[in-house]
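# Sequence first, then the predicted structure:
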Amino acid sequence: MPIIQQLLDAPQQVGRATTRALILAPTRELVDQIANNIADYTKYVDLTVTAVYGGAKMSSQERKLENGTDVLVATPGRLIEHIELGNLNLANLEFLVFDEADRMLDMGFISAIRTIMSGIAGHPQTMLFSATSSAQMNALAQDLLRKPKRVIVNEENSTAATVFHVCLPC
């Protein structure tokens with residue numbers, strides 16, 4: 001919601017094959033869910049939302065990207081394909097979000113993330129969201145983020161209050 005508000009507060013015409021906000025997620029199901037939610041939030045305002053992921057036709061995605069989009073939700077692999085084909089330029093990117101970053105690392109997307117980051121001009125506001133934390137996750141955060149702020153809901157590696165441990169003797 002804050003990204004949508006900032007995009008609305010500073011309206012800009014998106015250029016050909018560009019996006020103002022990029023949200024990366026590890027699976028097409030999650031990309032689809034995020035894109036649908038954003039489309040619902042923005043259905044009465046002048047913002048465009050596009051989802052790109054593997055398993056869907058490139059040609060229909062190319063047409064959607066051609067005129068640019070305010071918010072792009074993508075899987076890393078398909079995003080790289082579109083960049084390499086010249087269907088997308090990240091030069092005017094204002095916001096970059098890594099959703100489920102821990103899962104992207106678990107699924108082996110680290111090199112894809114680094115490839116995407118190397119193609120970004122400027123310094124978009126970058127956010128990294130993760131349900132869990134690890135040494136690899138912390139290293140990625142240090143590499144990708146400037147002046148990061150860490151928000152922790154629960155103590156690291158703590159058991160949820162709703163989980164009870166029981167030991168039954170044999």
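Arrived safely, thanks for sending.
# Tell me, how many residues neighbour Ala121?
Ala121 has 10 neighbours, counted by other CB atoms under 10 Å. C-beta coordinates here come from the backbone N, C-alpha and C atoms, glycine included.
# Would you mind measuring from it to Ala91?
Separation of Ala121 from Ala91 (CB to CB, to the nearest Å): 5 Å.
# Then Lys147?
23 Å.
# repeat for Thr162
46 Å.
# my read: Arg20 touches Phe95, true?
Yes. Judged on CB atoms under 8 Å, Arg20 makes contact with Phe95 at a distance of 6.9 Å.
# Give me the common contacts of the two.
Leu7 (CB atoms under 8 Å, 6 or more residues apart in numbering).
# neighbour count winner among the two?
Taking neighbours as other CB under 10 Å, Arg20 and Phe95 compare with Arg20 leading, 24 against 19.
# mind checking the SS state of the more buried one?
strand (DSSP: H, G, I helix; E, B strand; the rest coil).
# Which pLDDT value belongs to it?
pLDDT recorded at Arg20 is 93.
# How about the one 3 residues further on?
Ile23 carries a pLDDT score of 97 in this model.
# The strand or helix carrying it: partners in the sheet, and parallel or antiparallel?
Taking DSSP states H and E as the definition, Ile23 sits inside strand 19-24. Note on strand 19-24: by DSSP bridges, its sheet partners are strand 69-74 (parallel), strand 95-98 (parallel).
# No further questions, thank you.
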